[in-house]
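Asks: Here is a sequence with its predicted model. Questions after.
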Amino acid sequence: MKKIAIITVLILNILFMTACKKADIFTFSFFDYMDTYISVSVYADSQRQADQYMNDISEIYYTYHELSTGYEPLKEDSVFLENIYSINLTLNEVLEIDYELYELLKEAERLKELTDGYFDVSIGKMVDVWKNVILDEATGYLFEEIPESVFESILDTLEAIEVPETPYELTEDDGKYYIEIKSSYVKIDLGALSKGFATQRVYDYLRDEGVEYFSISAGSSSISVGKNMNRETGFFHTSLANPLRTGLNDRTYGMIYVSDISITTSGNYEQYALYEGHRYHHIVSPFTKMPEHYYHTITVLGDDAGALDALSTAFFSMSPSVLEAWLDEHLDDLDIELIIFNYDGTIDTYLKTTEFEER
């Protein structure tokens with residue numbers, strides 16, 4: 001359920017134009033983590049302090065990248081026990097895992113329950129079917145029409161993939177942590193959680209260090225910010241990309257003004273194939289095994305980047321009536337806000353304090 005290059009470009013105006021008298025702005029970037037470009041800007045008192053921030057933040061992203069990747073094994077000299085790649089290759093065998101990965105998987109279980117099953121990290125085999133149709137270099141149909149015969153073959157492949165009631169089991173014993181894959185139909189994919197989860201750890205780290213002015217852009221889909229020193233309001237002005245854009249003059253559909261918050265967007269417009277006029281992406285419903293066509297983008301704002309990552313994924317597969325009922329029950333308790341760009345081009349908002357200007 002990994003959202004590749006996701007999907008809505010939140011064009012964050014993170015340009016600090018001046019430095020304060022007691023601190024300077026330091027920006028550092030990472031290219032090797034979470035399959036995305038990560039940029040962090042912080043105010044620090046010295047180069048030495050900035051270097052310490054950079055090293056500590058790099059370690060956080062490195063840890064969760066290594067543990068959560070499903071694309072490559074751990075190196076022979078790795079300090080970690082297992083990662084998602086090796087776990088997915090091992091059926092009906094109890095494997096010891098590091099606490100950080102156990103914690104991440106427990107959070108996935110919590111979010112699955114919270115979203116009534118719409119967030120499910122065990123459906124990686126279904127997601128792979130759609131990724132291959134869209135992105136395979138030789139046979140993919142990126143931005144192109146899927147032939148009817150291919151589409152029918154996709155449906156047959158999906159029909160054969162079962163959804164087990166207990167896909168995997170997590171256990172803890174005497175300070176050690178374990179996982180067991182329970183079905184051959186299971187492939188764990190943490191792409192819709194791990195990046196946001198790690199970003200929240202970075203956010204918490206900077207707060208613990210007393211950093212007030214900062215921004216974290218973990219790709220275009222997961223952004224966390226403190227305050228903007230160069231505006232009296234402390235706000236960052238963040239543009240929301242228009243998923244239906246046809247030219248340079250309609251690249252965005254709105255602007256939000258934010259500080260001390262995380263923002264996550266799921267959408268369907270950066271990577272998709274077409275069939276009978278609909279966009280087929282790889283945010284897949286665990287219930288229908290299909291990409292749904294209710295929304296073009298959903299942006300969620302709140303104070304937990306990891307949870308927002310998962311929630312935006314889950315919401316994308318909920319019909320409007322299901323989503324409305326879910327929000328009626330949970331919106332206030334979770335203290336989240338939403339901006340929804342519907343499939344018909346209309347926009348719905350569920351906002352409390354965030355200012356949104358539609359363009």
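Replies: Good, I have the coordinates.

Asks: Next, residue 55: secondary structure please.
Replies: helix (DSSP: H, G, I helix; E, B strand; the rest coil).

Asks: Determine the number of other residues adjacent to it.
Replies: Neighbour count of residue 55, defined by other CB atoms under 10 Å: 10. Where C-beta positions appear, they are placed from N, C-alpha and C, glycine not excepted.

Asks: Got the confidence number for it?
Replies: Residue 55 is assigned 98 on the pLDDT scale.

Asks: Tell me where the stretch 51-200 of the chain has strands.
Replies: With DSSP state E, counting those that start in this stretch, the ranges of strands along the stretch 51-200 of the chain come out as 95-97, 168-173, 176-181.

Asks: Just put these in TSV and tack on mean neighbour count.
Replies: Shown next, in TSV, are those (neighbours: other CB atoms under 10 Å):
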stretch	mean neighbour count
strand 95-97	17
strand 168-173	13
strand 176-181	18
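
Asks: Now the ones you listed in TSV, please, with extra columns for distance to residue 147 and mean pLDDT.
Replies: Below are those laid out as TSV (distance: least, CB to CB, whole Å; pLDDT from 0 to 100):
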stretch	distance to residue 147	mean pLDDT
strand 95-97	41	98
strand 168-173	36	98
strand 176-181	34	98
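
Asks: can you redo those strands as CSV with distance to residue 162?
Replies: As requested, these are exported to CSV (distance: least, CB to CB, whole Å):
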stretch, distance to residue 162
strand 95-97, 22
strand 168-173, 14
strand 176-181, 14
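
Asks: Any idea which of those gets closest to residue 217?
Replies: The closest of the strands of the stretch 51-200 of the chain to residue 217 is strand 95-97. By CB to CB, the value is 29.4 Å.

Asks: Show me what the closest one packs onto, helices and strands only.
Replies: Contacts defined by 3 or more CB pairs under 8 Å, 6 or more residues apart in numbering; DSSP states H and E place strand 95-97 against helix 84-88, strand 176-181.

Asks: the bottom helix or strand of this structure by mean pLDDT?
Replies: strand 10-12 (a mean of 38; mean pLDDT, DSSP states H and E).

Asks: one step back: ok, which of the strands of the stretch 51-200 of the chain comes nearest residue 329?
Replies: Closest to residue 329 of the strands of the stretch 51-200 of the chain is strand 168-173 (CB to CB; 26.4 Å).

Asks: The closest one pairs with which strands, and in what direction?
Replies: Partners of strand 168-173 in the sheet, by DSSP bridges, are strand 176-181 (antiparallel).

Asks: Now do the strand it pairs with: distance to the chain's middle.
Replies: Averaging C-alpha positions (CA atoms, centre = their mean, to the nearest Å) puts strand 176-181 24 Å from its chain's average.

Asks: what does stretch 127-141 give?
Replies: Centroid separation between stretch 127-141 and its chain, computed with CA atoms, centre = their mean, is 20 Å.

Asks: Can you give the contact residues for that stretch?
Replies: Outside stretch 127-141, the residues that touch it by CB atoms under 8 Å, 6 or more residues apart in numbering are 1-2, 4, 142, 146, 150, 154, 157-158, 161, 187, 189, 271-274, 280-282, 284, 291.

Asks: Residue 32 contacts residue 65, correct?
Replies: Yes: contact criterion CB atoms under 8 Å: residue 32 and residue 65 qualify, at 7.4 Å.

Asks: And the strands of the stretch 51-200 of the chain: which comes nearest residue 344?
Replies: Of all the strands of the stretch 51-200 of the chain, it is strand 168-173 that lies closest to residue 344, at 38.1 Å by CB to CB.

Asks: Using CSV, lay out the helices and strands packed on strand 95-97 together with distance to residue 215.
Replies: Shown next, in CSV, are those (distance: least, CB to CB, whole Å):
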stretch, distance to residue 215
helix 84-88, 29
strand 176-181, 33
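
Asks: separation between residue 62 and residue 52?
Replies: 16 Å (CB to CB, to the nearest Å).

Asks: Neighbours of the residue nearest to residue 302 when sequence neighbours are not counted, how many?
Replies: Once flanking residues are discounted, residue 302 sits nearest to residue 336: 3.9 Å by CB to CB, 6 or more residues apart in numbering. Using other CB under 10 Å, residue 336 has 22 neighbouring residues.

Asks: Repeat that for residue 281.
Replies: Residue 281 is flanked by 26 other residues according to other CB under 10 Å.

Asks: can you check the one 3 residues further on too?
Replies: If you count neighbours by other CB under 10 Å, residue 284 ends up with 27.

Asks: what's near enough to touch the nearest residue to residue 269 once chain neighbours are set aside?
Replies: Nearest residue to residue 269 in three dimensions, chain neighbours excluded: residue 243, at 3.8 Å (CB to CB, 6+ apart). Residues in contact with residue 243 (CB under 8 Å, 6+ apart) are 8, 267-269, 296-297, 341.

Asks: Tell me the one of these nearest residue 227?
Replies: residue 8 (23.5 Å).

Asks: Now do that closest one, the pLDDT please.
Replies: For residue 8, the model assigns a pLDDT of 36.

Asks: which parts of stretch 239-254 are buried?
Replies: Counting neighbours by 16 or more other CB atoms under 10 Å, one finds that the buried residues in stretch 239-254 are 239-243, 252-254.

Asks: And for stretch 44-55?
Replies: So for stretch 44-55, counting by 16+ other CB under 10 Å, buried means 44, 49-50, 53-54.

Asks: from the residues you listed, which is closest to residue 311?
Replies: Nearest to residue 311, judged by CB to CB, of the buried residues of stretch 44-55 is residue 53 at 28.3 Å.

Asks: average pLDDT for stretch 139-152?
Replies: Mean pLDDT, computed over stretch 139-152, is 97.
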